[in-house]
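Chemist: sequence and predicted structure are below.
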Amino acid sequence: MARYRIMTFDGGGVRGSLMATLVKRLVDQFPNLLEQVDLFAGTSTGSIVALTLASGRTADTLVDFYSIENLRTVFSPSRFHLFRPKYSNANFRNLLESHFPGSPRLGDIKKYKLLAPSFKLDVSRKHDWCPVFSHNFLGSHHLEELIVDVALRSAAAPTIFPSHQGHIDGGMMANNPSTAAIALALGHHQPRPDLEDVCLLSLGTGFSPTIISLNTKGWGIIQWMLNPFRLPAEPLLNILFDGVVEADAIMSRHLLRPHYWRLNPPLLRQTALDDWKAVPELIKTANDYDLQPTFDWIASNWN
């Protein structure tokens, strides 16, 4: 069978600006790259990237969305957030509605398949919580959902934004949606692709080696949840997001072997999800990063 091509995009807040810049550089090198994709999958900020590209928008449009001006608007004003989210999502929603005009729904995305994870806190009539994988494959019950709502649900990071429609950030269980994308493609695409025909390009939002050098043996709720005078400032949240990213990368690499490629540049410093002032530095990191190995992989595996 022909190649089945997947592009996935991690969560990472403002670090989506790095990912958008990487996409632009890839498209500059391979102008038909995005047109060849079968499935775009993204979590949290990555869901915005995936929804944008699956809607047929250009890489330039994506870069414009992640401007410092837009991200400053989304992540302001901040407020003391011990008993409430740090930010309202009103500015975020306004930006998304201007980015996706006309109230489009998932079912309006025709050319490409799309996956955007979130986590639902109460499943109707079941009194249970569970992961949700919003998608537009044949038979999906998500087709009438507004694209803006799908993005707000996937990006509702606990403590940062309020939950949306009973959902929180998909990064809680699939901050790197690679394995979920492989499973969805094998389970829902018709005709079903063979695993050996699946080719996956996974884009991250950058990594910075993180450790907790303190003795954590005596830590309780406060230290694990909020440690504002040390990095990481929210240890448990960082571990949850970063841990699932690496776990998915390992599993996807084992499944696809040479047909899996991970593009995730090292960062100069730890960057919080809402640190909009870091955007110029993130863009510079993306522009300076050596993409030749990625170019070589695409040339050898994508066609």
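Modeler: That came through fine. Residues are numbered from 1 along each chain as shown.

Chemist: low pLDDT regions in this structure?
Modeler: Counting by pLDDT under 70, the ranges of the chain that qualify are 1, 80-82, 123-127, 209-213, 225-233, 235-243.

Chemist: so where does the most centrally placed residue in it fall, helix or strand?
Modeler: Residue closest to the mean C-alpha point of the chain, counted by Cα atoms, centre = their mean, is Gly46 at 2.4 Å. Using DSSP states H and E, Gly46 maps to helix 45-54.

Chemist: biggest strand in the protein by residues?
Modeler: Across the chain, the strand with the greatest residue count (assigned by DSSP state E) is strand 113-123.

Chemist: could you point out which element follows it?
Modeler: strand 128-135.

Chemist: that following strand pairs with which strands?
Modeler: Partners of strand 128-135 in the sheet, by DSSP bridges, are strand 113-123 (antiparallel).

Chemist: any idea how far the strand it pairs with is from the middle of the chain?
Modeler: Taking Cα atoms, centre = their mean, to the nearest Å, the mean C-alpha location of strand 113-123 is offset from the chain mean by 12 Å.

Chemist: which of the residues in it are buried?
Modeler: Lys113, Leu114, Leu115, Ala116, Pro117, Ser118, Phe119, Lys120 (16 or more other Cβ atoms under 10 Å). Where you see a C-beta, it was placed from the backbone N, CA and C, and this is true even at glycine.

Chemist: repeat for stretch 162-182
Modeler: In terms of neighbour count (16+ other Cβ under 10 Å), stretch 162-182 has its buried residues at 163-164, 166-182.

Chemist: cool, stretch 185-201 as well?
Modeler: For stretch 185-201, by 16+ other Cβ under 10 Å, it's Ala185, His188, His189, Pro193, Val198, Cys199, Leu200, Leu201.

Chemist: for that stretch, which outside residues touch it?
Modeler: 1-8, 38-39, 113, 135, 137-140, 178, 181-182, 252, 255-256, 259-261, 263, 294, 297-298, 301-302 (Cβ atoms under 8 Å, 6 or more residues apart in numbering).

Chemist: list buried residues within those residues.
Modeler: Here, 16+ other Cβ under 10 Å leaves 4-8, 38-39, 113, 135, 137, 140, 178, 181-182, 252, 255-256, 259-261, 263, 294, 297-298, 301-302 buried among the contacts of stretch 185-201.

Chemist: circling back: could you point out which of the buried residues of strand 113-123 is nearest to Leu18?
Modeler: Ala116 (19.5 Å; Cβ to Cβ).

Chemist: mind listing the strands for the stretch 151-300 of the chain?
Modeler: Counting by DSSP state E, counting those that start in this stretch, the stretch 151-300 of the chain has strands at residues 167-169, 198-203, 260-263.

Chemist: now render these as JSON lines, adding distance to Tyr66.
Modeler: As requested, the strands of the stretch 151-300 of the chain are exported to JSON lines (distance: least, Cβ to Cβ, whole Å):
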{"stretch": "strand 167-169", "distance to Tyr66": "18"}
{"stretch": "strand 198-203", "distance to Tyr66": "13"}
{"stretch": "strand 260-263", "distance to Tyr66": "17"}
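
Chemist: surely Val27 forms part of a helix?
Modeler: Yes: under DSSP: H, G, I helix; E, B strand; the rest coil, Val27 sits within a helix.

Chemist: tally of neighbours for it?
Modeler: Val27 has 18 neighbours, counted by other Cβ atoms under 10 Å.

Chemist: gap between it and Gly16?
Modeler: Distance from Val27 to Gly16, counting by Cβ to Cβ, to the nearest Å: 16 Å.

Chemist: do Asn215 as well
Modeler: To Gly16, Asn215 is 35 Å away according to Cβ to Cβ.

Chemist: backbone phi and psi for Lys217, please?
Modeler: With angles defined as degrees, to the nearest 10, Lys217 sits at phi -60, psi -40.

Chemist: what sits against it?
Modeler: With Cβ under 8 Å, 6+ apart, Lys217 has no contacts at all.

Chemist: distance of it from Glu234?
Modeler: 20 Å.

Chemist: cool, Asp248 as well?
Modeler: Asp248 sits 21 Å away from Glu234, going by Cβ to Cβ.

Chemist: between these two, who's got more neighbours?
Modeler: Asp248 (25 against 21).

Chemist: now that one: closest residue in space, sequence neighbours ignored.
Modeler: Nearest non-adjacent residue to Asp248, counting by Cβ to Cβ, 6 or more residues apart in numbering: Asn176, 3.9 Å away.

Chemist: wait, that neighbour touches Val245, no?
Modeler: Yes: look at Asn176 against Val245 with Cβ atoms under 8 Å: they come within range, at 4.2 Å.
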